[in-house]
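Engineer: this one's structure only:
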């Protein structure tokens, strides 16, 4: 397990119209807010700008205010430059078409699907950023690469071929995924505010069964996007694999005994532990049909005491957050029979920032990217979006909400085992999509449609087949 140091993060922003890059003409008043708590937009004077930098992004959980802040501050420091913000909630799907000649190409883009850069980069659609990583970050005496924590380096150092490391991206947001709980419900359950979230699976079982006994649904999750189970699943598998094998599971190499690794009993145990949430009746009825917004709304209405989700929830639901609502983040409880007997949490948001290879203002785009990694910008992201990035900065926790602080505390706690999300590894892709859905399918009588053993065998077969294809590419390159 890598030793995690203090960090802070970043968010997103938006204004998109008619599916093309639209003119926004917005700037920010940094010391004021609108009635919804966001940053006020004020008119620009377009004739005062001689260069326009277009920033496109997937409009997602951390909202738009950080980008608006970033736009304003970058323009103040770079007279004559206008930052044009362009966002949409389907930018991930549109951008590959744009970069293939089907639309305007931005100078900088922030996207949320890791698969995109791992295909677009080697295909020559993205600017290679190794030289940018050697640049000194303003306000520091460190290069961007030296300033980045190891967890960030693990995300950006892409070894498509053995010994050939490429860097196409900068991590957009870091953060953790685990169990988010309604503090008021659990305060009432325990009859006190002086209690601690269960550290062990036995204690967690007692809590969930106790809530059920009081007709309170213990847990919900966004069933339409089954990947929200990843925080529970990957943490459980890691707990059973142990530290050394888990690191290899995330980043196997050409010497990996992949037959043994991908048939490890930890995979079935992790599937079984995650399925227990369903087979024990702890998942709120109807959760499998809920979108991420619907599940989060149900949680905010108090229909379930907990939700499987990530640190972006509070900001994503800010506009409908009930007055006085208190939520907190907790790690996955420890497994008594695990190789790792600590609580665990999954980290490593796969969101990324990149520069298209055909960007019109590539050098200015690099300057913008570097500015977005300054301490000022990273601190602003924590305050505005409630998250952090994998850089070695001291975080002023007093500027964040109680929920944001709880997320950071879980991430920074040395007693919590941190595992990188397996979705950040191209060798774990068979775990995604249909396999998550199969994992959560429940029959009408409450039994699981698919056994953990059957799913483990399905995963192992796909993972071994996929890894052999990677080995074929590596071997061909060496020959």
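Structural biologist: Structure's in. What do you need? Bear in mind that the values here come from a model prediction, so they are computed numbers and not experimental data.
Engineer: where do the strands of the stretch 301-450 of the chain begin and end?
Structural biologist: Assigned by DSSP state E, counting those that start in this stretch, the strands in the stretch 301-450 of the chain fall at 304-310, 327-330, 343-347, 352-354, 416-420.
Engineer: give me the buried positions along the first one.
Structural biologist: Same thing as strand 304-310. 304, 305, 306, 307, 308, 309, 310 (16 or more other C-beta atoms under 10 Å). C-beta: built from backbone N, CA, C; applies to glycine.
Engineer: and if you look at stretch 244-255?
Structural biologist: 245, 246, 247, 248, 249, 250, 251, 252.
Engineer: so the first one is in which element?
Structural biologist: With elements taken from DSSP states H and E, the one containing residue 245 is helix 243-250.
Engineer: moving C-terminal of that helix, what's the next helix or strand?
Structural biologist: helix 258-261.
Engineer: packing partners for that next one?
Structural biologist: Identification of packing neighbours for helix 258-261 by 3 or more C-beta pairs under 8 Å, 6 or more residues apart in numbering; DSSP states H and E yields helix 243-250, helix 452-478.
Engineer: just say which of those is most tucked in.
Structural biologist: Of the helices and strands packed on helix 258-261, the one with the most neighbours on average (mean count of other C-beta atoms under 10 Å) is helix 243-250, at a mean of 18.
Engineer: possible to save the strands of the stretch 301-450 of the chain as a markdown table with distance to residue 57?
Structural biologist: A markdown table is the format used below for those (distance: least, C-beta to C-beta, whole Å):
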| stretch | distance to residue 57 |
| --- | --- |
| strand 304-310 | 18 |
| strand 327-330 | 25 |
| strand 343-347 | 22 |
| strand 352-354 | 9 |
| strand 416-420 | 23 |
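Engineer: so which of those strands comes closest to residue 139?
Structural biologist: Residue 139 lies closest to strand 352-354 among the strands of the stretch 301-450 of the chain, at 18.8 Å (C-beta to C-beta).
Engineer: that older thread, can you say which of the strands of the stretch 301-450 of the chain is nearest to residue 80?
Structural biologist: Ranking those by their distance to residue 80 (criterion: C-beta to C-beta) puts strand 352-354 first, at 23.1 Å.
Engineer: how many neighbours does residue 76 have?
Structural biologist: By the criterion of other C-beta atoms under 10 Å, residue 76 has 12 neighbours.
Engineer: look at it and report its pLDDT.
Structural biologist: For residue 76, the pLDDT comes out at 93.
Engineer: circling back: now the angle from the helix holding residue 245 to strand 416-420?
Structural biologist: 20 degrees (axes from the mean of the first three to the mean of the last three C-alpha atoms, to 10 degrees).
Engineer: tell me the average confidence for helix 243-250?
Structural biologist: pLDDT averaged over helix 243-250 gives 90.
Engineer: any idea which of the helices and strands packed on helix 258-261 has the lowest pLDDT on average?
Structural biologist: Among the helices and strands packed on helix 258-261, helix 452-478 carries the lowest mean pLDDT, at a mean of 86.
Engineer: that one versus helix 243-250: what angle between them?
Structural biologist: Going by the same axes, to 10 degrees, helix 452-478 makes 70 degrees with helix 243-250.
Engineer: domain-wise, how is the chain divided?
Structural biologist: If you go by automatic domain parsing, the domain ranges for the chain are 27-174+349-411, 176-347+417-478.
Engineer: from the chain's centre, how far out does the longest one sit?
Structural biologist: Computed by C-alpha atoms, centre = their mean, to the nearest Å, the chain-centroid distance of domain 176-347+417-478 equals 14 Å.
Engineer: quick one: least confident helix or strand in the protein?
Structural biologist: Each helix and strand of the chain was given a mean pLDDT (mean pLDDT, DSSP states H and E); the minimum falls on strand 27-33 at a mean of 34.
Engineer: enumerate the beta-bridge partners assigned to residue 217.
Structural biologist: For residue 217, the beta-bridge partners under DSSP bridges are residue 304.
Engineer: what residues are up against it?
Structural biologist: 211, 283, 284, 285, 303, 304, 305 (C-beta atoms under 8 Å, 6 or more residues apart in numbering).
Engineer: next: residue 81.
Structural biologist: By C-beta under 8 Å, 6+ apart, residue 81 lies in contact with 49, 51, 52, 53, 74, 75, 364.
Engineer: from these, which single one is nearest residue 417?
Structural biologist: Distance to residue 417, by C-beta to C-beta, is smallest for residue 74 among the contacts of residue 81, at 37.9 Å.
Engineer: of all the residues in the helix or strand hosting that closest one, which ones are buried?
Structural biologist: Here residue 74, judged by DSSP H and E, is contained in helix 65-77. Using 16+ other C-beta under 10 Å as the test for burial, helix 65-77 gives 65, 66, 67, 68, 69, 70, 71, 72, 73, 74, 75.
Engineer: the third one against residue 74, yeah?
Structural biologist: Looking back up the chat, that one is residue 67. No: using C-beta atoms under 8 Å, residue 67 makes no contact with residue 74, being 10.2 Å away.
Engineer: just for the stretch 301-450 of the chain, where's the confidence low?
Structural biologist: For the stretch 301-450 of the chain, residues meeting the criterion pLDDT under 70 lie at 349-350, 422-433.
Engineer: please repeat the previous calculation with a cut-off of 90.
Structural biologist: For the stretch 301-450 of the chain, applying pLDDT under 90 flags the ranges 311-312, 315-316, 318-319, 347-352, 383-390, 394-400, 411-412, 420-448.
Engineer: ok, back up a step: determine which two of the buried residues of helix 65-77 are furthest apart.
Structural biologist: Using C-beta to C-beta, the buried residues of helix 65-77 span at most 15.8 Å, a distance reached by 65 and 75.
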